[in-house]
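1. Sharing a sequence plus its predicted fold:
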Amino acid sequence: MSFPFECISNFMFFETELEQSDIILIPEASHPQLMERVATLYHSGIAQFILPSGGTTLHVETTEWEFLKNVGVALGVLFRIIT
């Protein structure tokens, strides 16, 4: 087993067919691979909005939200701040 929780992840995670969506939510994360996958979906037209989330963590210098946003910008994702 390469990851400690691999044995239970088979029961927790499943894939469904992708459909058009209004928004893609990225839950708290400090892994660039999540934004890389979301950027691919964004560029393919699956959704026109991306909502990264996350606060401070020991794994990134800023917040997880800003970390994910910066990765997205580097991948050509356009972000708009909506208040």
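-> Nice, thanks for sending it over.
2. neighbouring contacts of stretch 28-40?
-> 24, 26, 50, 52-55, 57, 59-60, 64, 67-68, 71-72, 75-77 (C-beta atoms under 8 Å, 6 or more residues apart in numbering). No exception for glycine: its C-beta is placed from N, CA and C like everyone else's.
3. hmm, try it at 6 Å
-> 24, 26, 50, 53-54, 57, 59-60, 64, 67-68, 71-72, 75, 77 (C-beta atoms under 6 Å, 6 or more residues apart in numbering).
4. Scan these and report the most crowded one.
-> Highest neighbour count within the contacts of stretch 28-40, by other C-beta atoms under 10 Å: L68, with 28 neighbours.
5. Figure out the helix or strand that that one lives in.
-> Assigned by DSSP states H and E, L68 belongs to helix 64-74.
6. ok now that helix, how far from the chain's centre?
-> 9 Å (C-alpha atoms, centre = their mean, to the nearest Å).
7. can you offset everything so residue one is 635?
-> Yes, from this point I'll number from 635; that puts the last item at helix 698-708.
8. That one packs against which elements?
-> Packed against helix 698-708 by the contact rule (3 or more C-beta pairs under 6 Å, 6 or more residues apart in numbering; DSSP states H and E) you find helix 666-677, strand 683-686.
9. Dump the ones you listed into a markdown table; add mean pLDDT and distance to I715 as well.
-> Shown next, in a markdown table, are the helices and strands packed on helix 698-708 (pLDDT from 0 to 100; distance: least, C-beta to C-beta, whole Å):
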| stretch | mean pLDDT | distance to I715 |
| --- | --- | --- |
| helix 666-677 | 92 | 17 |
| strand 683-686 | 89 | 12 |
